[in-house]
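S.K.: Dropping a prediction and its sequence here:
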Amino acid sequence: MNVKEIIKQLTLEEKAGLCSGADFWRTKAVERLGVPQMMVSDGPHGLRKQSDEADHLGVNESIKAVCFPTGVTVASSFDKDLIRVMGETIGKECQAENLGVVLGPAMNIKRSPLCGRNFEYFSEDPYLSGTMAASQINGIQSQGVGTSIKHFVANNQEHRRMSSNSVIDERTLREIYLEGFEIAVKEAKPWTVMCSYNVLNGVYASENKRLLTEILRDEWGFDGFVVSDWGAVNDRVEGVKAGMDLEMPSSFGVNDQKIIEAVKSGALSEDDLDRTVEDILTIVDRYQSNRKPESVFDRDADHEIARKVARESMVLLKNKEVLPLSKNDKVAFIGEFAKKPRFQGGGSSHINTHKTSNAVESACEYLGLSQDEFLYASGYSIAEDTINQKLIDEAVHMAKQVDKVVIFAGLPDAYESEGYDRTHMRLPESHDALIEAIAQVNEHVIVVLHNGSPVEMPWIDKVSSVLEAYLAGQSVGQATVDILYGEVNPSGRLAETFPKRLEDNPSYLFYVGEKDTVEYREGVFVGYRYYDAKNMDVLFPFGHGLSYTSFEYKDINISTAKMSDTDTVTVSLRVTNTGECKGKEVVQCYVVPLKSLDVIRPIKELKGFEKVELEVGESKTVEFTLDKRSFAYFNTTINDWYVPSGDYEIVVGKSSRDIQLSAHVAIESTVEIPMVCTANTLIGDLLQVPEKAKVLEPFMQEMEKVFQGEENDDIAAEAITKEMKEAMFRYMPLRNFISFGNGQFGHDDLEVLLKALNN
Ligand code: BGC
């Protein structure tokens with residue numbers, strides 16, 4: 001398709017029409033010019049391809065498809081290759097179903113454990129989110145279909161999601177909320193970006209030119225189309241001007257008409273409209289030229305890939321030597337989730353699975369037992385929140401007769417979903433009560449959790465093990481049994497902190513805001529950036545996860561001890577499997593910036609991670625290359641990333657709280673932050689900049705003389721030490737030369753001085 005030629009031949013009405021969907025899921029065709037329709041589908045962890053009865057909340061049925069583990073689950077794999085494979089698989093499925101774009105990955109930051117969509121999102125850390133998203137995008141797009149990273153940006157709650165104004169300072173926006181999207185756009189070039197429903201600092205994301213054009217396109221080089229989240233358009237004409245290309249779903253012509261009128265009245269330039277149409281048609285063309293109609297959607301094969309992803313992602317949070325189970329253990333599975341697991345979330349990502357596996361049936365298959373021979377008690381009813389004493393008593397009775405009990409607990413569907421947020425961080429009462437009761441009669445309790453976001457664990461000291469299975473997709477039962485029985489060594493790590501209580505979370509006081517205003521007052525201190533800075537006790541830290549084997553870190557090496565901010569530095573170390581079985585370790589690299597009074601920064605930030613597989617006794621070298629961005633913060637004076645000169649520590653560990661090795665590098669900045677001096681500039685600040693200090697020197701000498709004169713007259717002045725004098729000058733604004741200058745320094749002198757300083 002020659003897009004530019006086609007645009008020349010399109011009428012104004014056709015162009016305006018192309019800027020919105022034909023229906024819920026398709027773009028419009030222009031048959032006379034050979035422009036085909038293109039269908040899109042949710043996303044993000046499998047296909048929700050709907051036909052006739054379309055909706056954006058996952059209510060009506062879609063085709064039978066494969067449900068992969070949700071965002072938070074797969075992020076916990078910390079495995080870039082694995083999520084790429086998952087992406088490739090979803091991409092192939094799209095080809096088989098003739099879909100042009102899959103709506104995902106969803107990559108908003110998990111600001112609070114309460115966000116209803118946390119299960120779909122990757123992490124509280126932007127580097128991890130961006131890196132995992134980039135791999136998933138690369139996987140999907142390698143199959144010739146597009147992705148739509150969403151929701152751009154600062155859609156961190158479901159409460160009033162279509163109207164709330166996220167108020168975020170520039171540094172926080174750049175360092176936390178935009179960073180992941182930036183990595184994904186730069187590293188993986190997603191075909192499309194989905195703008196969010198919410199308002200950002202007073203302007204709807206769907207008409208935010210700074211966001212959609214200046215940052216996304218001009219700064220990051222995005223070259224696809226921006227699609228609105230379903231129903232996110234406020235003012236369509238402003239949207240076109242801002243770079244919001246495709247409105248979804250269809251507005252039934254209403255907004256197309258507004259575009260036509262705006263062009264006719266001159267309120268919208270036809271060039272802006274042409275650019276929008278070009279963005280859309282370029283992607284439609286890419287879809288058409290990459291079609292592979294011969295592709296097949298092999299659901300059973302993909303179920304096995306989903307199983308692999310699930311078992312590499314689950315996180316073993318605690319293990320007092322009761323796992324793995326042995327085939328000879330007398331075990332009972334308790335909790336209705338063992339038969340009816342929760343493995344995906346509600347809303348637009350909800351997949352109509354072609355099959356699912358549960359833990360009881362998978363264990364029976366593994367052990368060669370019939371379900372009648374296997375010990376199972378429901379313990380609670382998923383349908384009810386309240387404690388059912390009869391079910392607990394039955395479960396307790398069973399627990400007394402076995403060596404080990406596996407309790408399946410977590411959050412039922414109604415607890416977390418797209419569309420609303422949680423109001424607390426607890427499990428249902430019935431699950432907590434069941435765990436407490438069983439722990440009283442059996443010493444070997446293992447809890448398997450199905451949830452999309454952290455939960456409080458008041459019983460943590462009373463149980464032996466906890467396996468965080470998250471929402472693990474349709475192969476959940478098999479993957480759980482694979483880990484419980486040690487067929488697979490757990491290797492997931494938490495992509496988020498589990499605080500002890502909700503009140504500890506940094507956004508606690510401000511989450512969900514006041515009416516339509518949500519101020520992100522905790523700033524850059526999101527997740528471990530806050531807990532670590534406060535040295536606060538947490539239930540489980542970011543990056544934490546256990547294995548059935550053990551690993552040792554040694555021999556850290558750094559390629560240079562001194563560098564400029566334009567260089568890169570490589571850190572390497574040896575990791576050895578010192579335990580008794582094969583396993584995978586996630587080696588995490590954090591940068592600890594120098595302490596500075598000029599800028600408040602988190603004490604450490606993740607800047608690299610690698611997952612390595614090691615046989616018993618095997619060692620491997622792991623390497624991280626860090627560049628300017630790894631050390632920088634976003635400086636709002638220069639509107640750019642900036643690395644202050646000084647010392648940095650590079651630390652490597654098993655979690656943000658379990659640091660094993662460290663090395664130092666001194667960095668010299670090549671960027672000068674311009675300093676504009678005014679009458680209110682402090683003398684101390686000027687003395688730190690050699691050129692300014694030089695200009696100031698003669699004036700300082702004069703002032704010294706004046707001060708000395710005063711001191712001679714006053715006996716008490718003898719008590720003034722050199723340090724005190726220096727301190728007085730340090731915090732003194734230049735204008736005080738006049739007030740303390742004994743009449744020898746006037747406004748004209750100040751003007752001369754300022755001119756010299758600003759030259
Ligand atoms: C969701 C999107 C989704 C879209 C289409 C919206 O409600 O926020 O994530 O892709 O619906 O289903």
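M.R.: Good, I have the coordinates. This one's a predicted model, so the numbers in the text were calculated from it and none came from an experiment.
S.K.: Could you grab the helix/strand/coil label for Leu173?
M.R.: When classified by DSSP: H, G, I helix; E, B strand; the rest coil, Leu173 comes out as helix.
S.K.: check contacts around it.
M.R.: Val153, Ala154, Leu200 (CB atoms under 8 Å, 6 or more residues apart in numbering). All C-beta atoms are positioned from the backbone trio N, CA, C, and that covers glycine.
S.K.: Which pLDDT value belongs to the residue nearest to the first one when sequence neighbours are not counted?
M.R.: Nearest in space to Val153, with sequence neighbours left out and distances taken as CB to CB, 6 or more residues apart in numbering, is Tyr177 at 5.5 Å. The model reports Tyr177 with a pLDDT of 98.
S.K.: Tyr177 contacts Ala154, correct?
M.R.: Yes: applying CB atoms under 8 Å, one finds Tyr177 in contact with Ala154, separated by 5.1 Å.
S.K.: by contact count, what packs against the helix or strand harbouring Val309?
M.R.: Element membership for Val309, per DSSP states H and E: helix 299-313. Applying 3 or more CB pairs under 8 Å, 6 or more residues apart in numbering; DSSP states H and E, one finds that helix 299-313 contacts helix 71-75, helix 80-96, helix 476-484.
S.K.: Quick check: residues of the stretch 551-700 of the chain near the ligand?
M.R.: For the stretch 551-700 of the chain, no residue is in contact with the ligand (CB under 6 Å from any ligand atom).
S.K.: Show me what residue of the stretch 551-700 of the chain gets nearest to the ligand.
M.R.: Closest residue of the stretch 551-700 of the chain to the ligand, CB to the nearest ligand atom: Leu606 (25.8 Å).
S.K.: Ok, the stretch 451-600 of the chain next?
M.R.: Counting by CB to the nearest ligand atom, the stretch 451-600 of the chain gets nearest the ligand through Gly452, at 14.7 Å.
S.K.: what's the neighbour count on Gln371?
M.R.: For Gln371, the number of neighbouring residues by other CB atoms under 10 Å comes to 12.
S.K.: And the pLDDT for the closest residue to it other than its chain neighbours?
M.R.: Spatial nearest neighbour of Gln371, chain neighbours left out: Cys364 (5.5 Å); criterion: CB to CB, 6+ apart. We have a pLDDT of 98 for Cys364.
S.K.: quick one: Cys364 is in a helix?
M.R.: Yes: under three-state DSSP, Cys364 sits within a helix.
S.K.: Wait, it touches Ser370, no?
M.R.: Yes: under the criterion of CB under 8 Å, Cys364 makes contact with Ser370 at 6.5 Å.
S.K.: So what's the residue count around the residue of the stretch 451-600 of the chain closest to the ligand?
M.R.: Neighbours of Gly452 (other CB under 10 Å): 30.
S.K.: Could you look up the SS state of it?
M.R.: coil.
S.K.: still on that earlier bit, pretty sure the residue of the stretch 551-700 of the chain closest to the ligand contacts Tyr590?
M.R.: Yes: assessed by CB under 8 Å, Leu606 is found in contact with Tyr590 at 5.6 Å.
S.K.: Overlap in contacts, the two.
M.R.: Ser656.
S.K.: Comparing the two, which residue is more hemmed in?
M.R.: Tyr590 (27 against 21).
S.K.: Ramachandran angles for the more buried one?
M.R.: Main-chain dihedrals, Tyr590, degrees, to the nearest 10: phi -120, psi 150.
S.K.: Which pLDDT value goes with the closest residue to it other than its chain neighbours?
M.R.: Of all residues beyond its chain neighbours, the one nearest Tyr590 is Lys604 (4.2 Å), with distances taken as CB to CB, 6+ apart. pLDDT, Lys604: 98.
S.K.: go on, the one 4 residues further on?
M.R.: Per-residue confidence for Gly608 comes out at a pLDDT of 98.
S.K.: measure Ile738 to the ligand for me?
M.R.: Taking CB to the nearest ligand atom, to the nearest Å as the measure, Ile738 falls 60 Å from the ligand.
S.K.: Provide a list of residues in contact with the closest residue to that residue other than its chain neighbours.
M.R.: Setting aside the residues directly before and after it, Ile738 is nearest to Phe745 in space (CB to CB, 6+ apart), at 5.6 Å. Counting by CB under 8 Å, 6+ apart, Phe745 touches Phe699, Glu702, Met703, Phe737, Ile738.
S.K.: give me every residue that touches the residue in the stretch 401-550 of the chain positioned nearest to the ligand.
M.R.: Residue of the stretch 401-550 of the chain nearest the ligand, by CB to the nearest ligand atom: Glu418 (6.4 Å). Contacts for Glu418 (CB under 8 Å, 6+ apart) come out as Leu57, Gly58, Gly116, Arg117, Glu120, Glu158, Gly345, Gly346, Gly347, Ser348, Ser349.
S.K.: How about Val689, nearest residue that isn't a chain neighbour?
M.R.: The shortest distance from Val689 to any residue other than its chain neighbours is 6.3 Å, reached at Met675 (CB to CB, 6+ apart).
S.K.: got the contact list for that neighbour?
M.R.: Here Met675 is in contact with Thr681, Asp685, Leu686, Val689, Lys692 (CB under 8 Å, 6+ apart).
S.K.: for Pro69, same thing?
M.R.: By CB under 8 Å, 6+ apart, the contact list for Pro69 reads His45, Ala306, Val309, Ala310, Ser313, Phe343, Tyr470, Leu471, Ala472, Gly473.
S.K.: same question, Pro506
M.R.: Taking CB under 8 Å, 6+ apart as the test, what Pro506 contacts is Glu522, Phe525, Val526, Gly527, Tyr530, Tyr531.
S.K.: wait, is it part of a strand?
M.R.: No: per three-state DSSP, Pro506 lies outside any strand segment and is coil.
S.K.: in stretch 431-447, what counts as buried?
M.R.: Buried residues in stretch 431-447, counted by 16 or more other CB atoms under 10 Å: 431-435, 437-439, 442, 444-447.
S.K.: CSV for those residues, including pLDDT, distance to Leu325 and secondary structure?
M.R.: Below are these laid out as CSV (pLDDT from 0 to 100; distance: CB to CB, whole Å; DSSP: H, G, I helix; E, B strand; the rest coil):
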residue, pLDDT, distance to Leu325, secondary structure
His431, 98, 21, helix
Asp432, 98, 24, helix
Ala433, 98, 25, helix
Leu434, 98, 20, helix
Ile435, 98, 18, helix
Ala437, 98, 21, helix
Ile438, 98, 16, helix
Ala439, 98, 18, helix
Asn442, 98, 14, coil
His444, 98, 10, coil
Val445, 98, 12, strand
Ile446, 98, 8, strand
Val447, 99, 14, strand
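S.K.: Throw these into TSV and include distance to the ligand, thanks.
M.R.: Below are the buried residues of stretch 431-447 laid out as TSV (distance: CB to the nearest ligand atom, whole Å):
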residue	distance to the ligand
His431	29
Asp432	31
Ala433	35
Leu434	34
Ile435	34
Ala437	40
Ile438	38
Ala439	39
Asn442	43
His444	42
Val445	38
Ile446	35
Val447	31
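S.K.: ok so, going back, ok so the residue of the stretch 551-700 of the chain closest to the ligand is a strand residue?
M.R.: Yes: looking at Leu606 with three-state DSSP, it is inside a strand.
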